[in-house]
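Asks: after the sequence you'll find the predicted model.
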Amino acid sequence: MGSHYGNLQKIRNGKRKFSITPHIPGGFITPENLEKIAKVTKKYSGVLKITSGQRIMITNLEESDLPAIWEELGMEPAVKKQNSVKNVEMCPAGFCKRSKYNTIGTGVKLSQKYQWMDMPCRTKIGVAGCRNACGSVYSKDVGVIADIPGFIVTAGGSAGYNPRMSDIIAINLNEEQALKLIDCIFDYYKEGAEDGEKLGFFIDRIGSEEFKNEVLKRADLL
């Protein structure tokens, strides 16, 4: 990722094309920002792709145009460096008839605290308002799922090169307890993980029970 937050895409016949991905918190975008993305994409002959991370990627761009594009968008890049919290994915929660709790607010709190934070490896957070866990929460490094008795917190998921289902760390928590537990999960991960080690690999290396007991103890939940 270069200084203008563009990713090199395929090189065809020696032509280098780039993509950018603006930050769209939780996938909720204002009509004004959506209009800006459409306008800029047309102006610079880009191609739009709705990503799995609840964002809109603009691809097929010239590297020389990237600074002007970012200025015209007036938006921040979704990813500033690889080993960081890349995004907090959220379901519609309060707008959905199935939700047990309006977890949009919970997701916003997590996004405001953790977006772009340094981590040992690329990290994703998922938040869902019911046990359907829309947004593939069980494949995220850290997840929050609302159920009728309370929040479920999960850790260690990955849907990438080495897929791993996350572990359920605690159930029946209130929001304050869930947020504190996530703080403890990230603190322990950053303290003990090796550079480039995904949270799920860290859990497997030290043992699921050891990890679970340590973070629950730190969160005063044991």
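Replies: Right, received. Where do you want to start? Numbering: from 1, shown residues only.

Asks: and this protein, what are its domains?
Replies: Here the domain assignment for the chain is 7-73, 85-218, based on automatic domain parsing.

Asks: and those, which is most packed in?
Replies: Scoring those by mean neighbour count under mean count of other Cβ atoms under 10 Å gives domain 85-218 as the most buried, with a mean of 19. The way it works is simple: take the backbone N, C-alpha and C, and place the C-beta from them, glycine included.

Asks: gap between that one and the chain center?
Replies: 10 Å (Cα atoms, centre = their mean, to the nearest Å).

Asks: give the contact list for the most centrally placed residue in the chain.
Replies: For the chain, the residue nearest the mean C-alpha position is Asn87 (2.3 Å; Cα atoms, centre = their mean). Contact analysis of Asn87 by Cβ atoms under 8 Å, 6 or more residues apart in numbering lists Gly53, Gln54, Arg55, Ala78, Val79, Gln115, Lys124, Ile125.

Asks: before we move on, back to that, save the domains of the chain as TSV, and put in mean pLDDT too.
Replies: Shown next, in TSV, are these (pLDDT from 0 to 100):
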stretch	mean pLDDT
domain 7-73	95
domain 85-218	97
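
Asks: how about Ser84, what does it touch?
Replies: Ser84 touches Trp116, Met117, Asp118, Met119, Arg122, Thr123, counting by Cβ under 8 Å, 6+ apart.

Asks: do the same with Val88
Replies: Pro25, Gly26, Gly107, Leu110, Ser111, Tyr114, Gln115, Lys124, Ile125, Gly126, Val127.

Asks: among those, which are in strands?
Replies: The strands, defined by DSSP state E, take in Lys124, Ile125, Gly126, Val127 from the contacts of Val88.

Asks: what does stretch 171-179 rub up against?
Replies: 101, 106, 109-110, 144, 147, 149-153, 170, 181, 219, 221.

Asks: hmm, 6 Å instead?
Replies: Stretch 171-179 has contacts (Cβ atoms under 6 Å, 6 or more residues apart in numbering) with Thr106, Val144, Pro149, Gly150, Phe151, Ile152, Val153.

Asks: dump the residues you listed to a markdown table, plus distance to Ser208 and secondary structure.
Replies: As requested, the contacts of stretch 171-179 are arranged in a markdown table below (distance: Cβ to Cβ, whole Å; DSSP: H, G, I helix; E, B strand; the rest coil):
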| residue | distance to Ser208 | secondary structure |
| --- | --- | --- |
| Thr106 | 25 | helix |
| Val144 | 19 | strand |
| Pro149 | 23 | coil |
| Gly150 | 22 | coil |
| Phe151 | 20 | strand |
| Ile152 | 16 | strand |
| Val153 | 14 | strand |
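
Asks: now the two most distant members of the residues you listed.
Replies: Thr106 and Pro149 (16.0 Å; Cβ to Cβ).

Asks: related to what we said a few turns ago, can I get the contacts of Val88 in CSV including distance to Ile69?
Replies: Formatted as CSV, these follow (distance: Cβ to Cβ, whole Å):
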residue, distance to Ile69
Pro25, 20
Gly26, 23
Gly107, 28
Leu110, 29
Ser111, 24
Tyr114, 27
Gln115, 21
Lys124, 25
Ile125, 27
Gly126, 29
Val127, 30
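
Asks: from those residues, pick the one nearest Lys43.
Replies: Pro25 (24.7 Å).
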